[in-house]
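A.B. asks: quick one, structure for this:
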Amino acid sequence: MKREEELLHLNNMAIEIDQVMGYAQGMKYEDFAKSEETREIVNRSLKNIGEAADMLKSDDDWQDKYSTLDLDVLSRLKETSYEAPLELDQHGVWGIVSKDLPEIKEAIFEAQEKLTRLEEDDTDLSM
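C.D. replies: Okay, the predicted model is just below:
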């Protein structure tokens, strides 16, 4: 996979995280659990993050190079069914939104910076 594609997937993940954080900003669990619109948006964004992570995972050594971003965990987000009876309790999703996404976004930024530096180094070498 080309670096441009990797950066695109990382950027898409960051955008989805921003969208989720924007919708959930200022919310408490009770607000989140009551707002079907917010839950639907969050669930769709989490699945999109999982899809992007799965695409990055297709590169065999990606996880070794960028170990701060656990693609195995993130790619499982695409397989989760939030409408299942066991998911009526939204605490798991809320935990991802309120605690995990800020950390994931930081790991995405680290990977983006590393990829950008590698790209700049390659450009410098070709001159």
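A.B. asks: shaky segments in the protein?
C.D. replies: For the chain, applying pLDDT under 70 flags the ranges 81-88, 119, 121-127.
A.B. asks: give me the element I108 is part of.
C.D. replies: helix 101-126 (DSSP states H and E).
A.B. asks: roughly how far is that helix from the heart of the chain?
C.D. replies: Taking Cα atoms, centre = their mean, to the nearest Å, one finds the center of helix 101-126 at 15 Å from the center of the full chain.
A.B. asks: show me what counts as buried in it.
C.D. replies: Residues of helix 101-126 classed as buried by neighbour count (16 or more other Cβ atoms under 10 Å): 101, 104-105, 107-108, 111-112, 115. Glycine gets a C-beta too; all of them are placed from N, C-alpha and C.
A.B. asks: what is the nearest of those residues to M27?
C.D. replies: The nearest member of the buried residues of helix 101-126 to M27, counting by Cβ to Cβ, is L101 at 13.0 Å.
A.B. asks: with adjacent residues omitted, what lies nearest to that closest one?
C.D. replies: Excluding the flanking residues, the one nearest L101 by Cβ to Cβ, 6 or more residues apart in numbering is I17, at 5.0 Å.
A.B. asks: thinking again about what came up before, and the buried residues of helix 101-126 as CSV, adding distance to M55?
C.D. replies: Below are the buried residues of helix 101-126 laid out as CSV (distance: Cβ to Cβ, whole Å):
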residue, distance to M55
L101, 19
I104, 16
K105, 18
A107, 16
I108, 14
A111, 14
Q112, 15
L115, 14
